[in-house]
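> make a model of this:
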Amino acid sequence: MNGSILSGESITQYMAENIESLPLSGRVVLLSMTQLSLAGETPVHTGQVIRATTEHLESVRADTIGKLDEAEVNRALNRLEADDFVEMAEADDTSPVGKGRPAYSLNVDVEAVLESLGADDDVAPLVDEIRSEA
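Here you go, the predicted model:
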């Protein structure tokens, strides 16, 4: 499924089957990617995801997850890419800035992510925050 945005009934089934297997760090990174996508800021490099994730950790149970470092965010992005939640963007930037660093885009429907994670007690406050910003 990589390379196409999942939506409708297929995303509902896919999310139900795969969202529960994501660790808390993966769910927070997925929600950060969702927020960045809603803001029109994707594709994004890992550094931007780290900043967004750090801001969002205040909305989740920080005692459960703590602060995510670059390695943890990279692992989460790699897992999300493997599970088709995000995709690595095509390298069409000719600027030397950021060269060699992958950029990621959300590969699933924003509302499906918010709906699937809205019932998750650990990240529901973050879902509410993202919805209120939209």
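> look up how far Pro102 lies from Thr46.
Note on Thr46: its distance to Pro102, by CB to CB, to the nearest Å, is 7 Å. (Each C-beta comes from the backbone N, C-alpha and C, glycine too.)
> between the two, which one's more packed in?
Between Thr46 and Pro102, counting by other CB atoms under 10 Å, Thr46 is the more crowded of the two (19 against 16).
> so what pLDDT did that one get?
On the pLDDT scale, Thr46 is placed at 91.
> OK, contacts around it?
Thr46 makes contact with Glu70, Val73, Asn74, Leu77, Arg101, Pro102, Tyr104, according to CB atoms under 8 Å, 6 or more residues apart in numbering.
> the fourth one: neighbouring residues, count only.
To tie it back to what came earlier, the one meant is Leu77. Neighbour tally, Leu77, other CB under 10 Å: 24.
> please apply the same query to the second one.
The number of residues packed near Val73 is 23, by other CB under 10 Å.
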